[in-house]
Every structure is written in structure tokens, then in C-alpha cells.
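S.K.: model this:
(one chain, ligands or ions: 1)
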Amino acid sequence: MTEITRRSLAAATFASLGATLASRPAGAQGTSGGAAFPTRPITMVIPFAPGGPTDIVGRLMAESMAREIGQPVVVENTTGAGGTLGAQRVATARPDGYTILLHHIGMGVIPTMYRRLAYDPVNGFEPLGLVTEVPMTIVGRKDIPAGNFAELIAYMKKQGDGFNLADAGIGSSSALCGALFANAIGVKPTVIPFRGTGPAMQEILGGRVDILCDQTTQTTEYIRGGQVKVFATPSRSRIATLPDIPTTAEAGLPGFEVTVWHGLYAPKGTPAPICARLTQSLQAALRDPRIVQRFSEIGTAPVSQEDATREAHQRFWTADIAKWKPIIETTGSYAD
Ligand code: ASP
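M.R.: Numbers count the residues shown, from 1 in each chain. A predicted model of the protein is given here:
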């Protein structure tokens with residue numbers, strides 16, 4: 001059972017009314033009483049660089065949602081500051097449904113990690129539904145002198161700050177995973193931030209950076225092609241599509257786990273019928289056989305239709321903020 005399903009089920013047992021709402025078919029909702037929506041292209045903001053894992057998922061979703069909704073869904077990469085600039089772009093956009101955000105676990109950690117933001121990271125959005133939950137892998141340049149996870153740890157300890165780790169800035173999943181990993185083994189590597197792990201991966205491939213924690217939606221291809229070394233997955237269990245990779249706990253480092261969930265958002269105040277239409281399109285995309293197929297090739301799967309609802313997304317997101325708060329406070333990984 002995935003973390004999303006597990007936590008959704010737990011929440012449902014405490015809120016039977018919420019569960020009833022969550023199971024209402026979104027297809028029954030429409031833009032009742034208002035003008036037709038959409039009548040022009042929708043902009044989907046991705047807060048990380050083109051070519052990276054969030055971009056890969058976002059572009060697949062945009063293409064499928066466009067087919068269903070009958071208007072282009074144009075991807076805009078608004079990058080920088082660990083995904084906060086893209087989130088800000090949407091939180092401060094006109095709440096008319098024409099600007100939406102595909103973000104990830106960052107929405108769960110940014111409210112604690114950032115003390116100063118030019119938008120409200122908790123109340124600035126209308127959650128529209130969850131999208132996927134993607135395992136992460138710890139990968140390194142091909143010629144790193146370590147053959148397994150234990151050897152990697154020993155090498156990192158020996159190198160100290162001469163060892164470097166790429167990430168997508170504080171607030172990103174790669175930074176979260178990297179910080180938890182470094183903290184767990186008591187080292188302080190040199191962190192090299194990028195505007196997304198797409199460009200970070202290019203530096204791993206070029207042998208200029210040592211390691212990167214990243215979603216399978218990007219790393220699968222490079223792992224299978226032997227272009228990177230893979231050491232472990234910080235998941236609770238092994239990845240079905242990459243079963244040879246040990247979990248970090250199996251490889252000797254229990255106690256830290258990061259899995260990257262993605263969700264879709266509109267700006268706060270977007271009218272409910274428009275949010276419902278966007279959720280309907282999201283759900284249709286998650287049933288699209290092309291999405292199911294492509295997601296499975298890159299090590300993930302769409303969430304259930306029940307999790308692709310506004311209510312389930314809100315519950316999961318709220319629980320995730322609460323889950324990460326004490327962990328971040330303990331590891332001290334703040335933006336300022
Ligand atoms: N995987 C990145 C992260 O670290 C973001 C990206 O998709 O580029 O959160």
C-alpha cells in the first residue's frame with residue numbers, strides 16, 4: 001500500500017463525512033450556473049527546470065488533460081528558490097482556473113523550511129487532487145569509487161566537504177533527501193543547487209558532481225542504461241520496476257524515508273465549479289491508458305480516483321505538513 005493510500009485510509013476512518021465527500025464522482029460536477037470553462041488555453045506552472053522528473057510528470061499530465069478539456073494546457077517552467085517561485089506565481093495569479101500548479105512534496109515541507117515567502121504556502125491554494133507518488137533513488141557519477149551503499153557512506157565520510165551533492169534548492173525533494181542522508185551519517189558535503197534535477201543530472205552524467213537523490217521518473221532511464229551508479233532507495237520497500245536496488249534501511253541506514261508525491265493546485269479563491277472541472281480533467285488523465293503506461297515505464301503509477309479529489313488532497317497535504325515539521329526542526333534545514 002502506498003503512503004498516500006495508507007494515510008488517506010487512516011484519515012477516512014476518522015472522518016466518515018469526509019470520506020463520503022471524497023468518493024463523490026467528480027464527473028457529476030460541472031461549471032453550473034457560470035460561463036463555460038475553459039474557453040482559452042490553461043497555463044500549467046512547473047516549479048522546476050525542463051527535463052527533470054516534475055517536468056516529465058507535468059508534461060504528460062498537461063498533454064492528457066488538454067485532450068480531455070478541449071483547450072491547450074501550456075507548460076511554463078517557473079524555476080528557482082527550491083520550487084517557491086513557481087508556487088508564488090500561481091498563488092498570486094488571477095483565481096480563474098487558467099493558471100494551475102503541478103508541485104510535489106515541496107508543498108509539504110516549504111511551510112516549515114521557509115520563514116519568509118511572498119505568498120501564503122498553506123492558504124494560498126485550492127488543492128485539486130493528488131497525481132502520483134514516486135520513489136527516489138540515490139544515484140552517483142559512474143566512476144565514483146564506491147560499489148555499494150556502505151562503501152558510498154565510507155567514501156563520503158572520508159571526503160568530507162570535498163564530496164559534493166547536487167539538489168534542486170531548499171524546498172525540493174532532492175535537498176530534503178540529501179539533508180536527511182547527510183545528517184543520518186554525520187557528514188557535511190558541499191551542496192550544489194540547481195533549478196531542478198534535470199540540469200543536476202547532466203552534471204552527474206558529466207562526472208562533475210558526485211551524487212544526487214532523485215525520482216525514478218528521471219533516474220530509471222539512466223540506471224537501466226548504466227550511465228549512473230545507483231546505491232539505494234530511501235523508500236519503505238523496494239521499487240517494483242527496479243527490484244535490485246536495496247532500500248536505505250536494508251543497506252544499513254534505517255530511519256529516513258522520502259517519497260515524492262505530486263499534486264495539482266489552483267490559486268485560492270478559484271470558483272468551486274472551475275476547480276471541480278479541473279479535478280474532473282485530472283481524474284480523466286489518471287485513467288488515460290497512455291499515462292498509466294508511461295508512468296509505469298518510469299517507476300510510478302497514477303493515484304486512485306479517490307485520492308485525485310480535492311478533499312483527499314487537502315487531507316494528505318495537511319498531514320504531510322504536520323509530518324515533516326518536527327523532522328525539519330530537528331535536522332535544522334531552513335532556508336534562512
Ligand atoms: N526532483 C527535483 C526535486 O529535487 C525537482 C525536479 O523535478 O526537477 O524536488
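
S.K.: retrieve the pLDDT associated with the closest residue to the ligand within the stretch 1-150 of the chain.
M.R.: Residue nearest to the ligand within the stretch 1-150 of the chain: residue 52 (2.8 Å; C-beta to the nearest ligand atom). The C-beta positions use only the backbone N, C-alpha and C, and glycine is treated the same way. Predicted confidence (pLDDT) for residue 52: 97.

S.K.: and what of residue 6?
M.R.: At residue 6, the pLDDT value in this model is 60.

S.K.: same question, residue 330
M.R.: Per-residue confidence for residue 330 comes out at a pLDDT of 84.

S.K.: could you do residue 32 as well?
M.R.: 44.

S.K.: same question, residue 255
M.R.: So residue 255 comes in at 86 (pLDDT).

S.K.: surely it touches residue 184?
M.R.: Yes. Between residue 255 and residue 184 there is a contact under C-beta atoms under 8 Å: 6.3 Å.

S.K.: neighbour count: those two, which is higher?
M.R.: Of the pair residue 255 and residue 184, residue 184 is the one with more neighbours under other C-beta atoms under 10 Å, namely 16 against 8.

S.K.: list the contacts of that one.
M.R.: Listed by C-beta atoms under 8 Å, 6 or more residues apart in numbering, the contact set of residue 184 reads 253, 255, 256.

S.K.: reformat these as a markdown table; add secondary structure.
M.R.: Shown next, in a markdown table, are the contacts of residue 184 (DSSP: H, G, I helix; E, B strand; the rest coil):
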| residue | secondary structure |
| --- | --- |
| 253 | coil |
| 255 | coil |
| 256 | coil |
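
S.K.: closest one of those residues to the ligand?
M.R.: residue 256 (15.5 Å).

S.K.: how about the closest one: what's its closest non-neighbour residue?
M.R.: residue 180 (4.3 Å; C-beta to C-beta, 6 or more residues apart in numbering).

S.K.: closest one to residue 97 out of the contacts of residue 184, please.
M.R.: residue 256 (38.0 Å; C-beta to C-beta).

S.K.: buried set for the helix or strand hosting residue 63?
M.R.: Per DSSP states H and E, residue 63 falls inside helix 53-69. For helix 53-69, a neighbour-count test (16 or more other C-beta atoms under 10 Å) marks 53-66, 68-69 as buried.

S.K.: for stretch 37-57, same thing?
M.R.: 37-38, 42-57.

S.K.: for the longest helix along the chain, buried residues please.
M.R.: If you go by DSSP state H, the chain has its longest helix at helix 310-331. Of the residues in helix 310-331, 310-317, 320-321, 324, 327-328 count as buried by neighbour count, 16+ other C-beta under 10 Å.

S.K.: got JSON lines for those, with distance to the ligand too?
M.R.: Shown next, in JSON lines, are those (distance: C-beta to the nearest ligand atom, whole Å):
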{"residue": "310", "distance to the ligand": "23"}
{"residue": "311", "distance to the ligand": "25"}
{"residue": "312", "distance to the ligand": "22"}
{"residue": "313", "distance to the ligand": "18"}
{"residue": "314", "distance to the ligand": "21"}
{"residue": "315", "distance to the ligand": "22"}
{"residue": "316", "distance to the ligand": "18"}
{"residue": "317", "distance to the ligand": "16"}
{"residue": "320", "distance to the ligand": "14"}
{"residue": "321", "distance to the ligand": "16"}
{"residue": "324", "distance to the ligand": "14"}
{"residue": "327", "distance to the ligand": "16"}
{"residue": "328", "distance to the ligand": "15"}
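
S.K.: quick check: which ranges of the stretch 151-300 of the chain have low pLDDT?
M.R.: Judged against pLDDT under 70, the stretch 151-300 of the chain has no low-scoring part.

S.K.: what does it have sitting close to the ligand?
M.R.: For the stretch 151-300 of the chain, the residues in contact with the ligand (C-beta under 6 Å from any ligand atom) are 167, 168, 172, 173, 174, 196, 197, 198, 214, 215.

S.K.: what's the most distant pair in the residues you listed?
M.R.: Using C-beta to C-beta, these span at most 13.4 Å, a distance reached by 173 and 198.

S.K.: which of these two has more neighbours?
M.R.: Using other C-beta under 10 Å as the criterion, residue 173 and residue 198 rank with residue 173 on top: 30 against 22.

S.K.: what about the residue lying closest to that one once chain neighbours are set aside, which helix or strand?
M.R.: Among residues not flanking residue 173 along the chain, residue 260 sits closest, at 4.6 Å (C-beta to C-beta, 6+ apart). Assigned by DSSP H and E, residue 260 belongs to strand 259-267.

S.K.: next, the buried residues of stretch 208-226.
M.R.: 209-223.

S.K.: take those residues and keep only those in strands.
M.R.: 211, 212, 213, 214, 215 (DSSP state E).

S.K.: before we move on, back to that, go through the buried residues of helix 310-331 and name the one nearest residue 147.
M.R.: Using C-beta to C-beta, the buried residues of helix 310-331 come closest to residue 147 at residue 327, 30.3 Å.

S.K.: how about whichever strand in the chain runs longest, does it reach the ligand?
M.R.: The single longest strand within the chain, with elements called by DSSP E, is strand 125-140. No. Strand 125-140 lies apart from the ligand when judged by C-beta under 6 Å from any ligand atom; the minimum separation is 8.3 Å.

S.K.: if anything else comes up later, I'll come back, but that's it for now.
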